[in-house]
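# mind folding the following:
(chains A, B and C)
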Amino acid sequence: MAQHDRLAGCLLILFGALVLWRASGFPSMAGLAYGPGLFPSIAAIGLIGCGAIIALGARRPASRDTSRSESTTGTSRRRANARMASLLGVVLGYALLLEPLGFHVASLLLVVAAARIFGLPWGRCLLLAVPLVVAVHALFYSLLHVPLPWGVLTPVAW
Amino acid sequence: MKQVRSTLSTATTLAFGIAAAAMSSTAVADTSDQCGWQPDRAVTVIVPWGTGGGTDANARRLASLLEDEMGVPFNVVNRTGGNGVVGHTMLARGKPDGYTIGAATVEIDTMHWIGLTPLTYRDITPIALIDRTSAGVLVAKDSPYASLDDLLDAARDNPGELTASGTAQGGIWHLALAGMLKAEGLAPDAIRWIPSKGAGPALKELMAGGVDVATPALSEALPLVEQGEIKALGYMSDTPMEQLPDVPATGEALDSGWTLGAFVTISGPKGLPDEIACAYEQAVDQAVHSDAWAEFKQSRGAPVVFEDRQQTRQTLAEADDKLGDVIQSIGLAQ
Amino acid sequence: MLVETLANLFTPEHLAVIAACTLYGTVVGAMPGLTATMAVALLVPFTYFMDPLMAISAIVATTSTAIFAGDIPGALMRIPGTPASAAYVEDAHRLSRAGRARSTLCVSLFAAAIGGLVGVAMLALIAPQLARVAMQFSSYETFWLACLGLSCAVMTSNADVAKSFASLFLGLFIASIGIDVAVGYPRFTFGNFELYDGISFIPAIIGLFALSEILRSARSGETGTRVTADQEPLPAALREALATLRRYKRNVARSSVLGTLIGALPGAGADIAAWICYAVSRRFSRQPERYGQGHVEGIVDGGSANNAAIGGAWTPALVFGIPGDSVTAIAIGILLLNGLTPGPRIFTDSPELVHTLYGAFALTNLIMIPAGLLVILVASWLLRIPRRVLMPIVLLFSLVGAYAITNSAIAIWIVLALGALGYAMEANGFPLAPAILGIVLGGIVEDNFMTSMLKAQGDLLAFFERPWAAALGTLTLLVWALLLWRAARDALRRRSPAS
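Residues are numbered from 1 along each chain as shown, chains lettered A, B, ... in the order given. Presented below is the predicted three-dimensional model:
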């Protein structure tokens, strides 16, 4: 935990410095010494300050909710991390594919992939995904008039 | 906190409307065979300004009329941000298949001069013009200025003392004020511009005493002016307005004859095929000349206006030139 | 007059419209990503065919229930449906995990209904006076008000002070992305014009809360389990909720009144109202240490405040015709369409409209109770679905909801980035609430600071020159001084036993 605090603090300092550097290049307002860079700079200085306090105070164990089950053994932890990383990957894929493939195909893939990551058997994944996509289509596209992209299905769009 | 921009139209020549009606009725007769395109699924209508604003109100009313006419849903999407850049860019870059249209506003002729975006009116396909409006010159009801001349004299004597608001920095209503000052021989910043997120917040600032002047679309403030909560010193048009018989139009009251108006068009993405544009032109023409639209316009104190594709393109080109000159002369050009 | 108003209200069509909009508002509010503004905008085409009273009732019913319904996914899945629910989401969710989902939501529902009723009562009694005060708020006053709201984030946080501040500053940084108000310079957009509008806070909330929760769930591996095992029977939940409200009746009264007042101020609204009332509640509570740990008291305050604020938000719109937000802007358009001009004269020219509006407000808040109970009953079944089925469903709804805000994939990217950030923050003990508040209020603070500075040409004293600004500014500085003093005292105390 202490290790993480030190890392988090350092990351905050680094990020704050980056923001500060970028913000210093912003123009200033007519007649004033500051402008669009002021608020990002305040945020950045705050981040650097907090980062320093967090990194220096890292010896103290952080008050943390320990009720959430934490995997203990190496392999199960690696598996847990893999599940999380693959879920992030799935969302990344959705962001990339939503517009080219269209809402229906991309969402079908998203739900099946996510349900697989959560350990649902293949058959039941499809059983979940197909009605779900239909329901979301009905609710968002038909009822709430959200223009969902059709992508590859454009020829059959209605 | 979305930007709310007005579109109530206040000034338009009657002749324009009649000419447009005459032209379009012939257009209907001539081109019905080559304007036969029909949408067969939902159409997205991009509005570059916030929900509840004037552009939004016009677009939504028109969308519901088009829906009746063309038999598919017309879904209004508000893509705000960047003083109009986001929505206009989304519109221009949309697929020109007829399923994306939008409400392009006068800002497409100002944003590129200010250096916000490379986008110009050449990147969209104009379909029709549906609304025109002009800037009002407004002060608080307890303001010491009783006329435009009072205000301009005060600004001339103490440049930089007074403040004004109405829209973002470099927005159309900022140009209206700076352009008027310049035309009247003052420095364009003789009244300092305080940016705001649209007409509503600017009027609130005015009533709260935060700024001395506001120059948003007059229509946006019409109820307040009529009820005496704020004073209108003038409006930047050359056509008198029947709702406000006592308020002078700048075209007549000022030596320079300065006027500035904004407008809302219905446009498609770049490269929209003629067939589709023509079909929409007809549909909008019909919608704009319906009773429902007339009633809507009347409720907002605005006349019905319509320009067809050719006229709209010309309006966009002329406004681009004029506003480019204004922006350069007041030193906002990038 | 009274008879006429009642006759207007209790026509079958009118009641049907209110009931339908109540259900509609609940569905929209409970869906992460769909906002009250969107719901009202979708109503606009229907209002063309309604008489103005019915149209206004429809809007009022939709917004009130949407704000309440934002609590439902907040309690059940820790995904606040609206930013107004984010203040007390931690408490609500912890109670829900402890098997008290229904009673918690019933507390939210009743608090919301009472808050709404108080809001409309105040609207009816003192709207003109309230609006006069609200109209004295220029950028200086709004700046201080937003600062006060920001301070609440730190005041209400239980976590490590440095980490709370770090979270707040992260939120403020995120809020600064996009075109700036003073000179129109695009900041941190990296040439992507879609970021000119900044990070919209709906995708941000979905990322920080929903995606990070799903990620945590994936990592924990408890995929076969349900969110909670047991479910209270509804009658017991109702009794429990009513007892809670009786116990905290002073909180309800205080937050309803305060919420209405804050809601009436320009630039504020339901979000700030909920946060400030939650913070005030904690300050005056006998058990401040239990806030954020699953304590129902804060829910009572926040829940009544945000619904009271809806009534308040109508004051400037009704009295001056100046919309306080997008919803009232649409409402003004509808009034205009029907030949009614909002403004001081509306009270004398068409009093029946004004009275019916109040009546519709009151009626809506009453009809919301049975409708809300129905939804609570249905929604709490969600908790019986195993996680491995529930989580993919929540994921799809969250992503599509975010997409609905921007209509482009940029929203998915925002969700992804902030989801990863939110997960990393929580895993290291950084609270999320200050970041959300930073995102929601950062823009307001900055815009009003910058315009004030432009007006005053850099003179900081101008922030104290106007009476309301001076009062709010002094209050804010006092709160800050108090926070500093407490932090210093805690630091000293922590050191003394060691030495």
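
# rest of the way, CA atoms for contacts and neighbours
OK.

# and the residue of chain A nearest chain B?
Using C-alpha to the nearest C-alpha, the closest approach of chain A to chain B is made by A:Trp158 at 4.4 Å.

# so that residue makes contact with B:Pro39?
No: assessed by C-alpha atoms under 8 Å, A:Trp158 is found out of contact with B:Pro39, at 9.6 Å.

# neighbour count winner among the two?
Neighbour count, other C-alpha atoms under 10 Å in any protein chain shown: between A:Trp158 and B:Pro39, B:Pro39 has more, with 17 against 12.

# that one: what's it in contact with?
B:Met70, B:Val72, B:Gly98, B:Tyr99 (C-alpha atoms under 8 Å, 6 or more residues apart in numbering or on different chains).

# contacts only, for C:Trp275.
By C-alpha under 8 Å, 6+ apart, the residues touching C:Trp275 are C:Ala84, C:Ala87, C:Gly149, C:Cys152, C:Ala153, C:Gly302.

# what segments of chain B are helices?
With helices called from DSSP state H, chain B shows them at B:14-31, B:54-70, B:85-93, B:111-114, B:148-157, B:172-183, B:199-207, B:218-226, B:250-253, B:274-288, B:291-299, B:309-329.

# Throw the contacts of B:Pro39 into a markdown table and include neighbour count, distance to C:Ser167 and pLDDT, thanks.
Shown next, in a markdown table, are those (neighbours: other C-alpha atoms under 10 Å in any protein chain shown; distance: C-alpha to C-alpha, whole Å; pLDDT from 0 to 100):
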| residue | neighbour count | distance to C:Ser167 | pLDDT |
| --- | --- | --- | --- |
| B:Met70 | 15 | 50 | 94 |
| B:Val72 | 17 | 46 | 93 |
| B:Gly98 | 21 | 45 | 93 |
| B:Tyr99 | 18 | 42 | 94 |
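
# including distance to C:Ala362, could the residues you listed go into a markdown table?
Converted to a markdown table, the contacts of B:Pro39 look like this (distance: C-alpha to C-alpha, whole Å):
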| residue | distance to C:Ala362 |
| --- | --- |
| B:Met70 | 40 |
| B:Val72 | 37 |
| B:Gly98 | 45 |
| B:Tyr99 | 42 |
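
# from those, which is closest to chain A?
Distance to chain A across those (C-alpha to the nearest C-alpha) is lowest for B:Val72, with 9.0 Å.

# who in the stretch 201-334 of chain B is up against chain C?
Taking C-alpha under 8 Å from any C-alpha of the partner chain as the test, the list of the stretch 201-334 of chain B residues beside chain C reads B:203-205, B:207-211, B:223-224, B:227, B:229, B:295-296, B:299-300.

# which of the residues you listed has the most neighbours?
Going by other C-alpha under 10 Å, B:Leu203 tops these with 29 neighbours.

# ok, A:Ser107 - how many residues close by?
Neighbours around A:Ser107, by other C-alpha under 10 Å: 23.

# domain map for the chain?
Just going to use chain A. A:2-56, A:79-156 (automatic domain parsing).

# I was after chain B.
Domain assignment for chain B by automatic domain parsing gives B:14-133+B:261-329, B:136-253.

# got the end-to-end distance for the shortest one?
Just to be clear, that refers to domain B:136-253. End-to-end distance of domain B:136-253 (C-alpha to C-alpha, to the nearest Å): 13 Å.

# what segments of the stretch 151-300 of chain C are strands?
Under the criterion DSSP state E, counting those that start in this stretch, strands of the stretch 151-300 of chain C are mapped to C:178-179, C:186-187.

# out of those, which is closest to A:Phe39?
Nearest to A:Phe39 among the strands of the stretch 151-300 of chain C is strand C:186-187 (10.9 Å), distances taken as C-alpha to C-alpha.

# quick one: contacts of that closest one?
For strand C:186-187, the surrounding residues in contact (C-alpha under 8 Å, 6+ apart) are A:Phe26, A:Pro36, C:Ser176, C:Ile177, C:Gly178, C:Ile179, C:Asp180, C:Tyr196.

# from those, which are also near chain B?
Among those, chain B is touched by C:Gly178, C:Ile179, C:Tyr196 when using C-alpha under 8 Å from any C-alpha.

# tally of neighbours for the first one?
Neighbourhood size, C:Gly178 [other C-alpha under 10 Å]: 24.

# so for B:Glu275, what's the nearest residue that isn't a sequence neighbour?
Excluding its sequence neighbours, the residue lying closest to B:Glu275 (C-alpha to C-alpha, 6 or more residues apart in numbering or on different chains) is B:Cys35, at 5.1 Å.

# residue contacts, the one you found?
By C-alpha under 8 Å, 6+ apart, the contact list for B:Cys35 reads B:Glu275, B:Ile276, B:Cys278, B:Ala279.

# could you do B:Asn75 as well?
A:His145, A:Val146, A:Pro147, B:Ala42, B:Val43, B:Thr44, B:Val45, B:Ala63.

# and if we set it to 10 Å?
Residues near B:Asn75 by C-alpha atoms under 10 Å, 6 or more residues apart in numbering or on different chains: A:141, A:144-147, B:42-46, B:60, B:63-64, B:67, B:100, C:42.

# ranking by neighbours, what's the top pick from those?
The contacts of B:Asn75, ranked by neighbours (other C-alpha under 10 Å): first place B:Ile46, 28 neighbours.

# check what pLDDT the closest residue to A:Val91 other than its chain neighbours gets.
In space, and not counting its chain neighbours, A:Val91 is closest to C:Leu416: 6.7 Å by C-alpha to C-alpha, 6+ apart. Looking at C:Leu416, its pLDDT reads 96.

# does C:Leu416 sit in a helix, a strand or a coil?
Following DSSP: H, G, I helix; E, B strand; the rest coil, C:Leu416 is assigned to helix.

# doesn't A:Gly89 make contact with it?
Yes: using C-alpha atoms under 10 Å as the test, C:Leu416 is close enough to A:Gly89 to be in contact (9.5 Å).
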